[in-house]
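> Predicted model, plus sequence, below.
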Amino acid sequence: MQGLHLTADLYGCQCPKALLVDANKLAALCRESVAAAELTLVDEKFFTFPEYQGQPGGVTGAVLLAESHLAVHTWPERSGVTLDVYVCNFSTDNSAKAEKLLDDLIIAFKPSQQGTNRILRGSDDPETQSGELLLEWLNEDSAYGFRAARRIETVRTPYQTLEVFDTPQWGRLFRLDGCYMTSERDEFFYHEAITHPVAIAHPAPTSALVIGGGDGGSSEELLKHPSMRRVVMAELDAEVVRVARQHLGKVHRGVFDDPRLHIEIGDGWALVERMAQANQAGGNERFDLIVLDLTDPGTPAHRLYTADFFRLLRGVMRPGAAVALHIGSPVFKPELVTHLLRELASVFPVVRPLGLYVPLYGAFWGLCVASDSLDPLAIGPQVVEERLRARGIDDLRYYNGDVHPALFALPNFFRELLPTAEATAATADAGAAFSSLRTASQG
């Protein structure tokens, strides 16, 4: 059943009126268009509806093709037409023929407005879903996707749906609730950018808290720093860790077997709250680095993107500590980026947005480093290179000394999203935070 399904809704058609009310003329047009597209007509049926309130009825027609079908319905009172073309691509690829058939019909009806949809149906192998096109929506108006060679595993947990695929472009690819999380061949873009700029800015990080990040990629990058004695990974969904262990070895590179990694399964907010309360009672569960490697704000992680949670994090941060997180795409969700920067600026005096193109995410992506005092822009390329050499970190594919300041060099469209002083002050008394934020965009 693998094939291409095309639909079109046509409005204000300026074709001869007979095409909308005469079944014979409409049928003749469909036969001619099918033949021109080199598709194979098997049978046809057209029906003209009776007049209604003095207006002529429309025509519904179906053309059976050896490759599948064409369906058409006219709405003369609206000068409208709906078209439906589906072709099977099992033995040969008929996609170009289907596209020509639809295009020829649209041209014949001469619509002043139209809407079309293109749907890929089925796969070469229903058991593995070979050839499946994996689409993700960037916003309500934009989507992109990659082809899967086969579906490896799908599991529904109490929190989300997990999927693992083999793909020609990215190797093993991991999705949560239809959103791309990571892949074998491009994971370094995101994982290096969310960890190393903040870790290198710290003179000698010894402990880190990763909230989310159940694929192990961020923890693996943090543990490349030899001073790091302990990383706590707080993952809500145990199945994410299980799936990563089983299928995503080239992402986590064995980090789950590193004795310095401690995994906490459960709610990240609750864990931080317990740690903060213990610290108030004299405990010492504090971290040099915190990485919020979370799903997007519209998921179960939404509470962890708020000023309330950022304030809670301060209770588990050592002096000089910093938080790193992703803030979404400034191209496709600019309002979200502005909102998150405002939330961060209401809590932390130092807020440094950064950005890079992440291939798997299909967009220029925003991240941020926030702190009471640690400033990643306080070090330049030479210091970055010196620290990388001193720490023996020589297996990075994206991050280096020259890239470090470049990540924080914001394009103008990104700068325009930084919150205004008034909006930041409305969230909290954060004039100093706003000043720091503006300086970051100009540094």
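Ah, there it is. Numbering: from 1, shown residues only.

> just the helices in the stretch 51-200 of the chain please.
95-109, 187-201 (DSSP state H, counting those that start in this stretch).

> Kindly compare burial across the ones you listed and name the winner.
Across the helices of the stretch 51-200 of the chain, averaging neighbours per residue (mean count of other CB atoms under 10 Å) puts helix 187-201 on top, at a mean of 25. Placement of C-beta: from N, CA and C, glycine included.

> how far off helix 187-201 does the helix or strand just after that one point, in degrees?
Downstream of helix 187-201, the next assigned helix or strand under DSSP states H and E is strand 207-212. Here the directions of strand 207-212 and helix 187-201 differ by 150 degrees (axes from the mean of the first three to the mean of the last three CA atoms, to 10 degrees).

> distance of the residue nearest to Gly115 when sequence neighbours are not counted from Met317?
Once flanking residues are discounted, Gly115 sits nearest to Asp9: 4.6 Å by CB to CB, 6 or more residues apart in numbering. Counting by CB to CB, to the nearest Å, the gap between Asp9 and Met317 amounts to 55 Å.

> which of the two has more neighbours?
Met317 (22 against 14; other CB atoms under 10 Å).

> tell me the contacts of the more buried one?
Neighbouring residues of Met317 by CB atoms under 8 Å, 6 or more residues apart in numbering: Arg286, Phe287, Ile290, Val323, Asp372.

> Contacts only, for the first one.
When you say that, I think you mean Arg286. Each residue near Arg286 by CB under 8 Å, 6+ apart is listed here: Ser207, Asn279, Val316, Met317, Arg318, Ala321.

> rerun that using 6 Å as the cut-off
Contact analysis of Arg286 by CB atoms under 6 Å, 6 or more residues apart in numbering lists Val316, Arg318.

> cool, the second one as well?
If you count contacts by CB under 6 Å, 6+ apart, Phe287 has them with Ser207, Ala208, Leu209, Val316.

> The same query, at a cut-off of 8 Å, please.
By CB under 8 Å, 6+ apart, the neighbours of Phe287 are Ser207, Ala208, Leu209, Val232, Val316, Met317, Arg318, Ala321.

> For it, name its beta-bridge partners.
Beta bridges link Phe287 to Met317 when assigned by DSSP bridges.

> so how far is Pro205 from it?
Taking CB to CB as the measure, Phe287 falls 9 Å from Pro205.

> Also the third one?
Ile290 sits 11 Å away from Pro205, taking CB to CB as the criterion.

> just Gly54 next, same as before
Taken as CB to CB, the span from Gly54 to Pro205 is 80 Å.

> more neighbours, those two?
Pro205 (24 against 5).

> Which residue is the nearest non-sequential neighbour of that one?
Once flanking residues are discounted, Pro205 sits nearest to Asp288: 4.1 Å by CB to CB, 6+ apart.

> Give me the neighbour count for the one you found.
Asp288: 25 neighbours (other CB under 10 Å).

> Could I get the contacting residues of it?
By CB under 8 Å, 6+ apart, the residues touching Asp288 are His202, Pro205, Thr206, Ser207, Ala208, Arg318, Gly320, Ala321, Ala322.

> who's in contact with the fifth one?
Contact analysis of Ala208 by CB under 8 Å, 6+ apart lists Ala199, Ser219, Leu222, Met228, Arg230, Val231, Val232, Phe287, Asp288, Leu289, Ile290, Val291.

> Name the pair among the residues you listed with the greatest separation in space.
Using CB to CB, the two most remote members of the contacts of Ala208 are Ala199 and Val232, lying 15.2 Å apart.

> Identify each of the strands in the stretch 301-443 of the chain and give its residue range.
Ranges of strands in the stretch 301-443 of the chain, per DSSP state E, counting those that start in this stretch, are 317-328, 350-358, 363-371.

> Can you lay out the ones you listed as CSV showing distance to Gln382 and mean pLDDT?
What follows is those, written out as CSV (distance: least, CB to CB, whole Å; pLDDT from 0 to 100):
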stretch, distance to Gln382, mean pLDDT
strand 317-328, 21, 97
strand 350-358, 19, 98
strand 363-371, 20, 97
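
> where does the nearest residue to Lys333 once chain neighbours are set aside land on pLDDT?
Among residues not flanking Lys333 along the chain, Asn139 sits closest, at 6.2 Å (CB to CB, 6+ apart). Looking at Asn139, its pLDDT is 87.

> Report how many residues lie close to Arg151.
Using other CB under 10 Å, Arg151 has 18 other residues around it.

> any idea how far it is from Arg242?
Separation of Arg151 from Arg242 (CB to CB): 17 Å.

> go on, Arg286?
From Arg286 over to Arg242 (counting by CB to CB), the distance is 29 Å.

> ditto for Val34
To Arg242, Val34 is 51 Å away according to CB to CB.

> More neighbours: the two, which one.
Val34 (22 against 14).

> List the residues that contact the closest residue to Ala66 other than its chain neighbours.
In this structure, Ala66 finds its nearest non-sequential neighbour in Thr40, 3.7 Å apart by CB to CB, 6+ apart. Each residue near Thr40 by CB under 8 Å, 6+ apart is listed here: Val34, Leu65, Ala66, Glu67.
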